[in-house]
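[1] please find the sequence and the predicted model below.
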Amino acid sequence: MSAYLDLIRSHAPAVILGALLVGAALALATPHGRASWALALFAAIAAAVAALDLSWRFLTTGAPLAPDAVLTVDGVGAFVAPLIAILAALVILAEGAAIRERLARAIPFAMALHLAGAAGWIGALFAQDFVGLVVGVNVGWLALTGLVATGPERGGLNGALRMLTAGGAGAAFMLAGVALVTYATGSSAVDAAARALISGPQIATLGFVLLLVPLMLMAGAAPFHGWSGAAFGRSNETLALTMGALASLAVVARLAAVAATAPAVAESVSVVLVSVGIASVLIGSVQAVGAVNVRRLIAYAGAAQAGCVLVAIALESPAGLAAALIQLSAWGAGAFALFAGIAASKDAALTALDGLGRRAPFAGIAITVGALSFMGAPLTIGLLGRWRLIEAGVGAGWWWATGAAIVTSLAAVFYGGRLIERIYFRRATEAAAFDLDVWRWARAPVLAAAIAAIAWGLAPSLLLELAARASRLALGVDA
Amino acid sequence: MTAELALAGVLGVSALQALLVLALSRPPGLRDVVHVLSTGVVALFAGYLVVAVANGETARIVLAQPLPNVELAFAIEPLGTLAGAVLAGLGFLHAVHTSGMVRATDQKAPARLMAFSALTTAAAMAVMFSANLFSFFVAYQALALAAFPLVAHVGDDEARNTARTFLAVLLGASIALLLPAMIWTYTLAGALEFQTGGVLAGRVDQLSANILLVLFVLGIAGAAAPPMHRWLTVSFTAPYPSLVLVQGLAVLPAAGIGLLKVFAYVFGSALITAAPATQILLGICGVTMCSAALIALSKTDMRERLAYSFWAQSLAAIVGGLLAAPAGLFAAALQIVATSCAATTLLMAVGTTAAVTGRHRTLDYPGLGRVMPWTFAGIAIACASLIGMPPFSGAWAKLWLITASASTGVIWAAGLVGAAAVLTFAHLGPLAANAFAGRAPTDAFKRPDGASILLVAPVILAAAGTLGLLVLADPLASFLSPVWTPR
């Protein structure tokens, strides 16, 4: 038994992807909606457990994995894969609350798309070569597009169309990027790019930029976020979209870590990342402050948060990458708390939040905690992310990076304050549309998990340690 | 009882009180008893801590360790303990007064008001007992968030706008200025612990010290250094029980104590290297202190006049701290304590007057002292203390401030303190005098039974406290001496 377990653990990346893909196939083949949901949930939980085990062993003991032809694990992958798997399980769990609204025959498709999407993103993180990475990313993106298109809200079709267009163009750019990087480095293997004697630095740089820009687009980073307002604002798949954005940024972090170890391209890639990062902080913050649709507000706030992550990644240092990983976790937890809390009300207008604290206290707490984390309030994981970014920036002499963190937090004070004020200091002006189905409790674990993750800021030593180890491994500083 | 237990009590009872008040909101009598008794317990704990510090005891509570070498911790030391004891003592009187006010004015959602009052007190206590800069930052942000509902309590558009300004200034400044200053300090010193002599002493160059000083002074916007004062001057629209906490007891004094802790325990001797920032800030705060006292003269709404008056007083405390001398620090600490006593007395008395007469304009005050002698005696004593008239407690603070300015060679600062005292006399002196000298109005009370004991007794006792401070200057100097001289 122990030997089988060891065999499974040594092939953990394949096991994770297998659980997700087999789960997707079974969920698709199961005609009954609830059964399909349960199956998908089981598969996602299995993948999350396997990913956590892999991450723990890889980051704490450096346990070796069996040689694999297409999959590999690096620091970023080991840190983010369990995060994505857990988020996927939570997204599917929360789907239970909305399952009644979907067409019965669409449920198996939705469940399969959720699992396939998670498999795609995790596959991109584990891919050994650039082609695998691009395939993974596009599987994840197309699954997301499918989810938005088949959701119960018809307005989502507009968002899906934009996603499809953006994703199509992005895929073309990425393939061109793969070709250029492969040409310049002489290999399509991701980790080989770092070791390669790059013959044409400009070509390699262009290749990396063509790979990174579509990923930043998928992460919803401004100014490439034209799709996000429509997709987030009109679709109910906000949790899945958040997971996708988070995974895209993780892939950016992975590629940036590779570029950082290749001196010929490191500086140029850093400039691109920091330019987009600063633009995203500024544009996202301004748009979030002015938004009147809550989902759009959180999407724009996410763009600002993504900007901070990009600035941290651009530092191309262990401290910077660790800060990026912590901010990624903080953003994921905060966005999940906000979106899951807001799902308690069916209207996405800001006014729908009036008096929510009385009508749905748990959702009110989740939104408040999420907003506080976005502000970088003390004892939330959000502050930890900001702190690490400023510390890494100051350490690298990038004093202005402090400005990115401050602008993001200040904007969050304004829009977060608006959310909190509406929830607790206003009375509902009209009868709010409420989901009174008992299945709405399926959303409760998501809220609880998000709140718990944000509260991780109280005692984050384990998170800090894992992020530091992951970043050192990704940058090859610590074997 | 141990000092640790008392410290936990001071920090925890108010938070528990908030829950109890909400849970036992009916009947109102039970709610009020819980509110008053809880603050009494906090006062007892705080009194015990004063004795413990006087006996040289130490106590420290660690709640979490969010970062390497950075703990969320609270500890007793003279400055915070003294301010905490004043807050707890006056907080008890304020709780009694609040019980009277919510009845006299039919205040809406009284349980919510009391609960957030308790939370604000808890956060202010946490600020005062914070053991390091990180804990101070956490407590300070909690203080802003807990006080926000107090400012927004009325719930109309004006209150909401005021509350937004309040939160935006306090939180915005702390995020934009205080947070980078704290992380910069951490980068320079590798720790954020408050320690006598200053954690930055010997570790900071002149340029960094100058920038850090400006970031700290402006980042702790609760201390109301210009231009971060707007939260104070707009918050006068809040209900009186909220005003007492925001301006007299919690936000303004706690931020002032926080700033003094930064001067004493973060900079210490490094404050001398922060010139010319100290001189520039001294000049700005000194001139603004006089301007605020002058602007107060033009305000006819009592609450607005008092807001400007308290702003001038808080700037005097900053001036004391910026003198970078033990005498200046002592003067600043005494100024904060004396202002807290006088401001609480004054705001409770003005609240009582408004509740029973419906008058809150300065033009309506002449003669009211004849029909409300006890309340206006409190007003007179508090005004005299704020002005700095000997032998009232504010006089000691002003005297020390002028002495410290002169001894550090900043004579012009002494002149500005004197000028501000004269201007304070101009906007408070005639008011108090006319209240007794004017003709008594025939229709003074809107309520036939006048002011209840719950409204008058706290004013008298707080005024007595303000008077009592005048004999405590020497013991306080001895009590506070470890702040600048390690035992």
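    Here it is on my side, so go on.
[2] what's near enough to touch A:Ala259?
    Counting by C-beta atoms under 8 Å, 6 or more residues apart in numbering or on different chains, A:Ala259 touches A:193, A:208, A:265-266, A:269, A:316. For every residue, glycine as well, the C-beta is placed using N, CA and C.
[3] tell me how far the lengthiest strand in chain B is from the chain's mean position?
    Counting by DSSP state E, the longest strand found in chain B is strand B:60-67. The chain centre lies 26 Å from the centre of strand B:60-67; the measure is C-alpha atoms, centre = their mean, to the nearest Å.
[4] which residues does that strand contact?
    With C-beta under 8 Å, 6+ apart as the contact definition, strand B:60-67 has outside contacts at A:379, A:383-384, A:387, A:457-461, A:464, B:4, B:7-8, B:11, B:71-76, B:131, B:134.
[5] redo that, cut-off 10 Å
    A:378-381, A:383-384, A:387-388, A:391, A:456-461, A:464, B:3-5, B:7-8, B:11-12, B:70-76, B:126, B:129, B:131, B:134-135, B:138, B:186, B:192 (C-beta atoms under 10 Å, 6 or more residues apart in numbering or on different chains).
[6] for stretch B:45-54, same thing?
    By C-beta under 10 Å, 6+ apart, the residues outside stretch B:45-54 that reach it are B:1-13, B:57-59, B:76-89, B:91-92, B:125, B:128-129, B:475, B:478-480, B:482.
[7] helix, strand, or coil at the residue in the stretch 101-250 of chain A that chain B sits nearest to?
    Of all residues in the stretch 101-250 of chain A, A:Ala222 sits closest to chain B, at 21.1 Å by C-beta to the nearest C-beta. Here A:Ala222 is coil, with the state taken from DSSP: H, G, I helix; E, B strand; the rest coil.
[8] again with B:Pro390
    coil.
[9] contacting residues around it?
    Residues near B:Pro390 by C-beta under 10 Å, 6+ apart: B:384, B:396, B:398-399, B:470.
[10] now name the helix or strand holding residue 18.
    You didn't say which chain, so I picked chain A. helix A:12-29 (DSSP states H and E).
[11] right idea, wrong chain: chain B
    In the assignment (DSSP H and E), B:Ala18 maps to helix B:3-23.
[12] name the residue closest to the centre of chain A, please.
    Centroid-nearest residue in chain A, with C-alpha atoms, centre = their mean: A:Leu246, separated by 1.3 Å.
[13] how deep is the closest residue to that residue other than its chain neighbours tucked in, by neighbour count?
    Of all residues not flanking A:Leu246 in the chain, A:Gly332 sits nearest, at 4.9 Å (C-beta to C-beta, 6 or more residues apart in numbering or on different chains). Neighbour count for A:Gly332, taken as other C-beta atoms under 10 Å in any protein chain shown: 27.
[14] hmm, A:Gly332 is touching A:Ile84, no?
    Yes. Using C-beta atoms under 10 Å, A:Gly332 is in contact with A:Ile84, at 9.0 Å.
[15] residue 5: what's it in contact with?
    All of this refers to chain A. Contacts for A:Leu5 (C-beta under 10 Å, 6+ apart) come out as A:Asp53.
[16] other chain: chain B
    Neighbouring residues of B:Leu5 by C-beta under 10 Å, 6+ apart: B:45, B:48, B:59, B:61.
[17] can you check B:Cys290 too?
    By C-beta under 10 Å, 6+ apart, the residues touching B:Cys290 are B:312, B:315, B:415-424.
[18] what about 8 Å?
    Going by C-beta under 8 Å, 6+ apart, B:Cys290 touches B:312, B:416, B:419-420, B:423.
[19] pLDDT of the helix or strand containing it, averaged?
    Secondary-structure element containing B:Cys290, defined by DSSP H and E: helix B:277-298. Averaged over helix B:277-298, pLDDT sits at 94.
[20] show me what counts as buried in it.
    Residues B:277-278, B:281-297 are the ones in helix B:277-298 that count as buried (16 or more other C-beta atoms under 10 Å in any protein chain shown).
[21] helix or strand right after that helix?
    Under the assignment DSSP H and E, the closest C-terminal helix or strand after helix B:277-298 is helix B:302-322.
[22] secondary structure of A:Cys347: a helix, I assume?
    Small correction: residue A:347 is Asp, not Cys. No. Counting by three-state DSSP, A:Asp347 is located in no helix; its state is coil.
[23] and it, its phi and psi?
    A:Asp347 adopts backbone torsions of phi -90, psi 140, taken as degrees, to the nearest 10.
[24] so where's chain B uncertain?
    B:444, B:446-449, B:485-487 (pLDDT under 70).
[25] residues from it in reach of chain A?
    Neighbours of chain A within chain B, by C-beta under 8 Å from any C-beta of the partner chain: B:64-68, B:72, B:134, B:137-138, B:141-142, B:145, B:149, B:152, B:155, B:160, B:163-164, B:167-168, B:171-172, B:175-176, B:179-180, B:183-184, B:186-187.
[26] try it again at 6 Å.
    For chain B, the contact set with chain A under C-beta under 6 Å from any C-beta of the partner chain comprises B:64, B:137-138, B:141, B:152, B:167, B:171-172, B:175-176, B:180, B:183, B:187.
[27] how many other residues sit next to residue 358?
    With no chain named, the answer covers chain A. Using other C-beta under 10 Å, A:Arg358 has 12 other residues around it.
[28] I was after chain B.
    For B:Gly358, the tally of surrounding residues (other C-beta under 10 Å) stands at 13.
[29] roughly how far does it sit from chain A?
    Distance from B:Gly358 to chain A, counting by C-beta to the nearest C-beta, to the nearest Å: 27 Å.
[30] now that residue: phi and psi?
    Main-chain dihedrals, B:Gly358, degrees, to the nearest 10: phi 70, psi 10.
[31] now do the one 3 residues further on
    Dihedral angles of B:Arg361 (phi, psi; degrees, to the nearest 10) stand at phi -110, psi 150.
[32] what sits closest to residue 22 if chain neighbours are left out?
    I went with chain A, as the question did not name one. Leaving aside its chain neighbours, A:Val22 sits nearest to A:Ala43 (6.9 Å; criterion: C-beta to C-beta, 6+ apart).
[33] meant chain B, my bad for not saying
    B:Ala115 (4.9 Å).
[34] go on, A:Leu350?
    Nearest residue to A:Leu350, sequence neighbours excluded (C-beta to C-beta, 6+ apart): A:Val292, at 5.3 Å.
[35] so that neighbour touches A:Ala348, yeah?
    No. Contact between A:Val292 and A:Ala348 fails when scored by C-beta atoms under 6 Å: they sit 9.4 Å apart.
[36] hang on, the earlier thing: give me the pLDDT for the residue nearest to A:Leu350.
    88.
[37] then A:Leu71?
    Looking at A:Leu71, its pLDDT reads 85.
[38] pick out the lowest-pLDDT one from the contacts of A:Ala259.
    A:Ala193 (73).
[39] which non-adjacent residue is nearest it?
    Nearest one to A:Ala193, counting by C-beta to C-beta, 6+ apart, is A:Thr185 at 4.8 Å.
[40] how about the helix or strand encompassing A:Ala279, does it reach chain B?
    Assessed by DSSP H and E, A:Ala279 sits inside helix A:263-290. No. Judged by C-beta under 6 Å from any C-beta, helix A:263-290 stays clear of chain B, getting no closer than 11.5 Å.
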